[in-house]
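Trainee: this is a predicted model, with the sequence first.
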Amino acid sequence: MYKYFPHTDDDLHQMLERVGVDSLDALYADIPEAVRFRKEYNLPEALSEMEIRRLFDTLENYTIGGPLTVFAGAGIYDHYAPSVVQNIIQRSEFLTSYTPYQAEISQGTLHYIFEYQSMMAELTGMDISNASMYDGATATAEAVMMAFANAKKADTVLVSATIDPKVRRVVDTYAKYHGIKIETIPMKDGVIELSTLNSQLSTIEGGVAGVVVQQPNYYGIVEDFTGFADAIHEQKALFIINSIAADLAVLKTPAEWGADIAVGDGQSLGIPMSFGGPGVGYMCCTEKLIRKMPGRIVGMTKDNRDQRAFVLTLQAREQHIRRQKATSNICSNQSLMALYVTIYLSVMGRQGLRDAAELSYGGAHYLCEQLEQTGYFKLKYQQPFFNEFCVTYDGDVDKLLAECADAGFMAGIKIDDHTIMLAVTEQRTKEEIDELVETIKQIREDAA
Amino acid sequence: MNNKLYGNLIFELSKAGRKGYSLPQNPYQHTTSELPNALCRQQEAQLPECDEMTVVRHYTNLSHNNFGVNDGFYPLGSCTMKYNPIINEEIAAMKMFTGLHPLQPAETCQHALELYFRLQESLAELTGLSEFTLNPCAGAHGELTGLMVIRAYHASRGDYQRTKVIIPDSAHGTNPASAAVCGLEIVEVKSQADGTVDFDDLKRLVDLEGPNIAAMMMTNPNTLGIFEHAIPEITKLVHDAGGLMYYDGANLNPMLGACRPGDMGFDVMHINLHKTFSTPHGGGGPGSGPVGVRAGLEPFLPTPRVVFRDDMFRVETTNPQSLGSIGAFFGNFGVMVKAYVYILSLGREQIKMVGPLATLNANYIKESLKDVYELPIEGLCKHEFVFDGLKDKSTGVTTMDVAKRLLDYGYHAPTIYFPLLFHESLMIEPTENESKDTIDGFIQVMRQIAEEAKNDPELVKTAPHTTPIGRVDDVLAAKHPIVTYKQMINDAN
C-alpha cells in the first residue's frame, strides 16, 4: 500500500470480513451503477517525494528574473517575518488540530486566541475582538452586514471613495446578494470631508445603517475623521473603520476616532505576502455589539477544578445554531494566522512595532523625496501619508513598471495612466531604495 | 505539562524594558513625529514586552496543551481529520511562493499561476465538473460563493423569482446560514427513517414552489454518512423544475475513487481542501473552499480568475457576468500549494484508494460497536456514521460523558450532538490514514467506556480526569463574557 495508507492485505481481509462484504468495491453497493465512476482519472502518475522536491526546485529556476524587490502594497505589504514566528506556527499540535470544540484538550488554541483577541483590542483600542476573519475585505463586508442587521430600518451603507477598490468590490458583492444599498462618499484631493458626509447622512432616503472609511486610505493618506463619529451616531448608524493593522502602532486608533467596529487586514503584522493568502482579517467592536459580532469568540471561564480556563463562547450567535436566522455564515476563522499575529506581537511588543513603523515611514518619505528629485515624479496629494504614497509620472507608466520588473523591482502599482502608488516596509533597505531610483534614472536616460 | 508554571497569559510574563526583536539601524531623517498629533494614537497599546526565549517557551508549552492529528486518533465526524503530509508544508514554505506579491506582473509569477490553474483542472477532473475557482477562503465561504453563482445564473436569464433553496433537515447548519446570507429563503425537506431525503416530501415541495426554486443544497453522502441513492431522481426532479443542484463538498472524501458529484447531476459545488485534500486545519483555519461549476456556468464565477490564454497564465479581473469578488486576491494560495502537492504525491492511482479505505474504516468501527452503542440506521455507511448514544442509557451516561471520557484515553472525541436528528448523536469519522491497530485500540476503549457507564457511571460523568483542565463552565463564560486581558484586569479590580 501507499505510504499514507496503513492497510496490509491481512488487515483488509479481516476488516472486510467483519463488515460482511467481500471487496472494497462492495462497500459502494448502495450507489446506483449509473453514477459510479469506473474510468481512470485524467491526472498525472504519482510522484515520489524526491521527484516532487526536484520538480519544485527546478521551478524555482524557471521563474523569469527571480523574486522581485517589492515596492508595492495596495493591501499586501512585504514585512519581515521573524524566525521565531515561522518556527512555532509549524508545531503540529497547533497545525494539525481543528476548531477547539473539546476545551480540555484544546487549551493551547483557546489560550492563544484569547491572547490574540486581547492584542487586537489593544491595537485598535476597541473593547473586544473576535477570533479572526478570512481577510480584511471580507471582514469589512461582514461589518457592513452587521451594521445592516443592527439598524432598525435603514438599508444603506455609505462607503468612502478612498477605500481599497478590491475591498469595495467584495463589499458590493456581499451587499448585492444581502439586499443592502451601497452609496459612495466622494473624495476631494485624496480624502473625504465631513461636510460631504453630513449632507449625505441627512439626505439618504430610508436612512443610513453604517459608514465605512479606511485609514490610511487606499492612496496611503492618513485621513482626518474629526467629527465623523458624532455625525454618524446622530443617525444611529455604525462607524466602521478599516485600518492596516501595523500602522495602528502609531496612528490614532479606531476607538479614538469613535468607531463602533474596527476591521482590516492583519497581514502587515509580519505575515508573508504568499501571493495574497493566507493572511488574516481582524474584527473588533464595542462591548455593546458583542452579541452581534460574527465569527468565533474565546472567553475566559473556570473548570470544575477551579482553574482558569478558556472556551469558545457566545455560540448562540453562530451560524450552526442560528441556521436560517444567521446574519453571517462564517465558521472557521484563520486560526493559525491569528497565532502567527499573536507570536509576532509578543516578540515585537509595543516598541518593536513602533520601530518597524518608523523604518517604513522613514523609507517611504525618503523614496518619495528621491523620486521627486529625479524630476520625473511629483507627489500627487499634498496630504500626510504613512508608508505608501501616490506619485504622478511624466512618462508611460506601464512601460516604466515593466522595465523596472525586468530589472528585478516591483516598482509600485499603476493607479491610472499617470499615477503610480509605491510602498516601503522595514524590510526595504536604503540601498534598495537608492538602487530603484538609479534604475529608473537609467531607464529614462537609455530612452532619451 | 505543568499548568502552574506555564499557564500564564503572555501579558503576565511581560516586564517593561524587555524586548524580543532586533531591527536594523534606522538611517532615515523622516520620523512619524512629522504627522499631525491629531492623527496619532494618544493611548499606547499595552502589548507584552518579552525576551525571545520567554516567547518561545510560552508558545511551546501552550502547544503541549493541544491535541492534533499528529498526536493521536481524531475521529471528529464531518471534519475529515486526515494526515497532513510534511512534504506539503515544505513546498508551501518555499520562498518562490511565500515571497510573491499578488499584484505582481503575470510574467513574473507564471509558476504560481500555473499551480493555481493545474489545481483548478485537477479538482474539475476529480469531481466531474467543468471549471473551478480557488478564491474562497473556507468551506462556508465557498458555499456562499456557489450560491451567488446560482443567483447570478438565474439573474442572467432574467429569472428573479427564484429566491428559495431546498435544504434537507439533516444538513450542516452552515447550509441554511449561507443561503440566508445570500438573500435566499430556506425550504426544509424532511428526512425519512433511513436518514435519506424523503422523496415524496421533496416532490410536494417542488410541486408547490417550482418556479421559485433557485437550487437544492445537498451533501452526499449526507451528514449521517449515508449515500442518497435516489440522487439521479432527485437531481432530475429539481432540474425539471428549473432549479440547480448544489453539492456541499464537506463529505467528498469517500467519493474519491468511487463517484463524482458532476456525474450525480450536481451543477455547483465547493470542496474543503482542508478535509479531502489533506491540508492542515490549523486550529480552525486557514482553510480553502474552491467552487466548481458545470459547463455553462463559468461566466458567473468570481473575479479574479486565473486563465490560460495566448501561451501564458493570466489573471482576469473583469468579467461582466461574474458574480463579483468575494476576496481581495486569489484566496489562501499557501493552502492550495499543499493540496496540489497532495494530488501529485498520490497520483491517479493512489487517489482512488482514499474513498474506499476511509469507507472501510468507518464501516469496520460501526460493525464492531453496534452491539453496545445505539445504531439508529443499519446498513452500509460511507466515511462516517452516527450512533445515538449508548445502547444502555439506564445509568444516565450521555454522549457528552462518553466524549469526555475518550479524552482520558488519549483520543479526540467524535463530533457530538450533530446531526440534530437524534438526541445523543455521536458522529465518528476515522479517515483512510488510520490503521486497523489504531482503530482496534479505539474500539476497545469505546467498549471499555460502555462497561464503565454500567459499573461506575460517576467515573464517566465526571470525566475527563487526566487532561490539563477539567470540564469548563460554559454558562459562566457566556453570561459574563470576558474575552480580552483588559476586561480580565478590569473585572478583577
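Mentor: On my side now, so go ahead.

Trainee: buried residues in the longest strand out of those in chain A?
Mentor: Using DSSP state E, we find that the single longest strand of chain A is strand A:208-215. For strand A:208-215, burial by neighbour count (16 or more other C-beta atoms under 10 Å in any protein chain shown) applies to A:208-215. (Each C-beta comes from the backbone N, C-alpha and C, glycine too.)

Trainee: in a markdown table: those, plus distance to chain B.
Mentor: Shown next, in a markdown table, are the buried residues of strand A:208-215 (distance: C-beta to the nearest C-beta, whole Å):
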| residue | distance to chain B |
| --- | --- |
| A:V208 | 20 |
| A:A209 | 16 |
| A:G210 | 17 |
| A:V211 | 19 |
| A:V212 | 15 |
| A:V213 | 13 |
| A:Q214 | 13 |
| A:Q215 | 9 |
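
Trainee: format those residues as a markdown table; extra columns: pLDDT.
Mentor: A markdown table is the format used below for those (pLDDT from 0 to 100):
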| residue | pLDDT |
| --- | --- |
| A:V208 | 97 |
| A:A209 | 98 |
| A:G210 | 98 |
| A:V211 | 98 |
| A:V212 | 98 |
| A:V213 | 98 |
| A:Q214 | 98 |
| A:Q215 | 98 |
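
Trainee: from B:E432, how far off is the spatially closest residue to B:S435 that is not a sequence neighbour?
Mentor: Spatial nearest neighbour of B:S435, excluding adjacent residues (C-beta to C-beta, 6 or more residues apart in numbering or on different chains): A:P6 at 3.6 Å. Between A:P6 and B:E432 the computed distance is 9 Å (C-beta to C-beta, to the nearest Å).

Trainee: now A:L314. Nearest residue, chain neighbours left out?
Mentor: Residue nearest to A:L314 in three dimensions, not counting chain neighbours: A:I297, with 5.3 Å by C-beta to C-beta, 6+ apart.

Trainee: list the contacts of the one you found.
Mentor: Contacts for A:I297 were tallied using C-beta atoms under 8 Å, 6 or more residues apart in numbering or on different chains; they are A:117, A:128, A:130-131, A:290, A:312-314, A:317, B:481, B:483.

Trainee: min pLDDT across those residues, which one?
Mentor: Among the contacts of A:I297, A:R317 has the lowest pLDDT, at 72.

Trainee: stretch B:225-244: end-to-end distance?
Mentor: End-to-end distance for stretch B:225-244, by C-alpha to C-alpha, to the nearest Å: 23 Å.

Trainee: B:K382 contacts B:G225, doesn't it?
Mentor: Yes: between B:K382 and B:G225 there is a contact under C-beta atoms under 8 Å: 5.0 Å.

Trainee: returning to what we had before: measure how far the longest strand of chain A is from the centre of its chain, please.
Mentor: Centroid separation for strand A:208-215 versus its chain: 18 Å, with C-alpha atoms, centre = their mean, to the nearest Å.

Trainee: in CSV, list the contacts of A:I297 along with neighbour count.
Mentor: As requested, the contacts of A:I297 are exported to CSV (neighbours: other C-beta atoms under 10 Å in any protein chain shown):
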residue, neighbour count
A:Q117, 28
A:I128, 26
A:N130, 29
A:A131, 30
A:I290, 18
A:L312, 24
A:T313, 25
A:L314, 18
A:R317, 20
B:P481, 20
B:V483, 28
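
Trainee: picking up where we left off before, list residues touching both of B:K382 and B:G225?
Mentor: Common contacts of B:K382 and B:G225, defined by C-beta under 8 Å, 6+ apart, comprise B:251, B:362.

Trainee: what does the stretch 151-300 of chain A put close to chain B?
Mentor: With the criterion set to C-beta under 8 Å from any C-beta of the partner chain, the stretch 151-300 of chain A comes near chain B through A:164, A:166-167, A:169-170, A:172-174, A:176-179, A:222, A:224, A:226, A:248-253, A:256, A:265, A:272-278, A:290, A:296-300.

Trainee: low-confidence ranges, the stretch 1-150 of chain B, go.
Mentor: Flagging of the stretch 1-150 of chain B using pLDDT under 70 yields the residue ranges B:1-6.

Trainee: look up how far A:K378 lies from the residue of it at minimum distance from chain A.
Mentor: Closest residue of the stretch 1-150 of chain B to chain A, C-beta to the nearest C-beta: B:Y28 (2.8 Å). Applying C-beta to C-beta, the value for B:Y28 to A:K378 is 21 Å.

Trainee: cool, B:D401 as well?
Mentor: As judged by C-beta to C-beta, B:D401 and A:K378 stand 72 Å apart.

Trainee: so between the two, which is more surrounded?
Mentor: B:D401 (25 against 14; other C-beta atoms under 10 Å in any protein chain shown).
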